[in-house]
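Visitor: pasted the sequence and its predicted model underneath.
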Amino acid sequence: MKRRALASLPVLALMQSQLPAPASAGPAAPTLAPAAVPIPPVESAGIVEGNLPVFFEQLKAELSYPLAWGTSRIRDFRTWQRVAAAKVEELLRQRPDDTPFRPEIVDEQPADGYRQRTLLFNVTRHSRVRATMLVPNGRGPFPGVLLLHDHGSKFDIGKEKLVRPWYDDTRLASAQAWSDRYFGGRFLGNELVERGYAVLAVDALGWGDRSGLTYEAQQALASNFFNLGSSLAGLVAREDVRAVALLRSLPEIDRTRIATVGFSMGGWRAWQTAALSPYVSATVSVCWMTTLKEMMVVGNNTLRGQSAYFMSHPGLYEHLDIPDVASIAAPRPAFFLNGELDPLFTPAGTLGAYTKMRAVWRSQRAEDRLRTTIWPGVGHICTPEMQDAAFAWLDTRMRP
């Protein structure tokens, strides 16, 4: 028996074109020409300087921040705040945590005009941590300050970068050297308690009493958090919000007057905590503010990865720019100080962020509650002059 030959594709097409149209068929629809879509060039190198994809500028151009105030379709500010904060909370990849704090004072020493205290508390359902607290002598209640330490790729000390450690000579030597380098020899917590503030400082995961981290291990740590269905940056944010809530629960604290203060990564943490906690009355952020697009430029420290993972919430910038997140705290008082010569942030990025934030505070008739400063001739440090300006501003906002 002979096998039938299969018709070729051109022959089949010709046969189909000769078939009569179905009786119900109307006039043939016009053929639409395909839209002119530019064809990207074939990549000869997919990764360029800074470990960026060759098309990173196109990715930046596609970021429109549709949830930003003024861009979002939401016109009621309070509603916008709730929606924007909920989006940030969602992207923290951290479950809500209402674990009882159960604070316990394990050491208290007198100092000149105040008490130095070590206390333990449950910062999350997973971690009970050691914190440092300075409390003025007197009846109180006192305005409270949550001090948030920097990154600095220095992990042996955390809270000790901000509060002079009276309990460990080795840490004291390390902390004094850090203070000399970045704070003009001062400890911010000790300066604040002498001005009448009760101060709390806690180690972030990896620093001080919660040590075990090295610079080279940060990226792996963050990856392991992702694989565990969590986020390292989200954990830091959750713990900082919980620390505010702890401070608010203590009997010595005036729960209506609580500020967040921080330098460098601590500056990021200060305004982020204010955005996520309604209990923050005022914020001082030193040397951490920029727009995202001006941060993602060749040569920026963020492109190295590693420390950036403590401040990277996956997917956040599809919705909000960095100053948009900080603006969730409006119209509460905030003071941002950046150095003119800070190598981590371009002047254009800092000024762009300040412009966006001022527009938000202005929209709420509260522009006088936002202060933004670029300190001339200063790099990535917090000089005594900057501290004095910040503390004087804080006094005007936190005194009864």
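Guide: Structure received.
Visitor: so what's I105 closest to, chain neighbours aside?
Guide: L119 (4.9 Å; CB to CB, 6 or more residues apart in numbering). Placement of C-beta: from N, CA and C, glycine included.
Visitor: before we move on, what about A359?
Guide: Spatial nearest neighbour of A359, chain neighbours left out: G70 (6.6 Å); criterion: CB to CB, 6+ apart.
Visitor: helix, strand or coil for the residue nearest to I105?
Guide: Secondary structure for L119, judged by DSSP: H, G, I helix; E, B strand; the rest coil, is strand.
Visitor: and the strands in the stretch 151-300 of the chain, which stretches?
Guide: With DSSP state E, counting those that start in this stretch, the ranges of strands along the stretch 151-300 of the chain come out as 198-202, 253-263, 282-286.
Visitor: contact partners of the first one?
Guide: It refers to strand 198-202. 123, 129, 131-136, 140, 142-149, 158-159, 162-163, 189, 192-193, 239, 243, 246-247, 250, 252-253 (CB atoms under 8 Å, 6 or more residues apart in numbering).
Visitor: so where do the strands sit in the stretch 301-400 of the chain?
Guide: Going by DSSP E, counting those that start in this stretch, the stretch 301-400 of the chain shows strands at 334-339, 370-375.
Visitor: check contacts around E89.
Guide: L276.
Visitor: let me fix that, I meant to ask about E108.
Guide: E108 is in contact with 115-118, counting by CB under 8 Å, 6+ apart.
Visitor: out of those residues, who has the most neighbours?
Guide: Note: the member of these with the most neighbours is Q116, at 21 neighbours, neighbours being other CB atoms under 10 Å.
Visitor: any idea how far Y354 is from T372?
Guide: 4 Å (CB to CB, to the nearest Å).
Visitor: now do the shared contacts for these two.
Guide: Counting by CB under 8 Å, 6+ apart, the common neighbours of Y354 and T372 are F336.
Visitor: what's near enough to touch the residue nearest to I105?
Guide: L119 neighbours (CB under 8 Å, 6+ apart): 103-106, 130-131, 133.
Visitor: excluding its backbone neighbours, what's nearest V193?
Guide: L134 (4.0 Å).
Visitor: relative to strand 253-263, how tilted is whichever strand or helix holds the one you found?
Guide: Secondary-structure assignment from DSSP states H and E places L134 in strand 128-136. Between the axis of strand 128-136 and that of strand 253-263 there is an angle of 110 degrees, by axes from the mean of the first three to the mean of the last three CA atoms, to 10 degrees.
Visitor: buried residues of strand 128-136, list them for me.
Guide: Using 16 or more other CB atoms under 10 Å as the test for burial, strand 128-136 gives 129-136.
Visitor: want to throw these into JSON lines with pLDDT?
Guide: Below are the buried residues of strand 128-136 laid out as JSON lines (pLDDT from 0 to 100):
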{"residue": "V129", "pLDDT": "98"}
{"residue": "R130", "pLDDT": "98"}
{"residue": "A131", "pLDDT": "98"}
{"residue": "T132", "pLDDT": "98"}
{"residue": "M133", "pLDDT": "98"}
{"residue": "L134", "pLDDT": "98"}
{"residue": "V135", "pLDDT": "98"}
{"residue": "P136", "pLDDT": "98"}
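Visitor: V360 and R332 touch, don't they?
Guide: No: look at V360 against R332 with CB atoms under 8 Å: they stay out of range, at 11.5 Å.
Visitor: neighbour count winner among those two?
Guide: Shown here are V360 and R332; by other CB under 10 Å, V360 has more neighbours (24 against 20).
Visitor: list the contacts for that one?
Guide: For V360, counting by CB under 8 Å, 6+ apart, the contacting residues are 69-70, 327, 330.
Visitor: drop anything exposed from those.
Guide: By 16+ other CB under 10 Å, these give 69, 327, 330 as buried.
Visitor: and the pLDDT for the last one?
Guide: Reported pLDDT at A330 in the predicted model: 98.
Visitor: which residues does the residue nearest to I105 bridge with?
Guide: I105, A131 (DSSP bridges).
Visitor: all helices of this protein, in order?
Guide: 9-17, 56-62, 77-91, 169-182, 188-194, 218-227, 232-249, 265-276, 292-295, 322-326, 347-363, 384-398 (DSSP state H).
Visitor: which of the ones you listed sits closest to S153?
Guide: With CB to CB as the criterion, S153 lies closest to helix 218-227 of the helices of the chain, at 9.0 Å.
Visitor: the closest one - contacts with which helices or strands?
Guide: Applying 3 or more CB pairs under 8 Å, 6 or more residues apart in numbering; DSSP states H and E, one finds that helix 218-227 contacts helix 232-249.
Visitor: got the contact list for the helix it packs on?
Guide: Counting by CB under 8 Å, 6+ apart, 91-94, 97, 101, 103, 121, 123-124, 127, 131, 144, 146, 148, 198, 200, 202, 204-205, 221-222, 225, 253, 255, 258, 260, 269, 272-273, 276-277, 279-280, 309-313 sit against helix 232-249.
Visitor: returning to that earlier point: take the contacts of E108 and write them to a markdown table, including distance to L303 and pLDDT.
Guide: Converted to a markdown table, the contacts of E108 look like this (distance: CB to CB, whole Å; pLDDT from 0 to 100):
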| residue | distance to L303 | pLDDT |
| --- | --- | --- |
| R115 | 44 | 98 |
| Q116 | 41 | 98 |
| R117 | 41 | 98 |
| T118 | 39 | 98 |
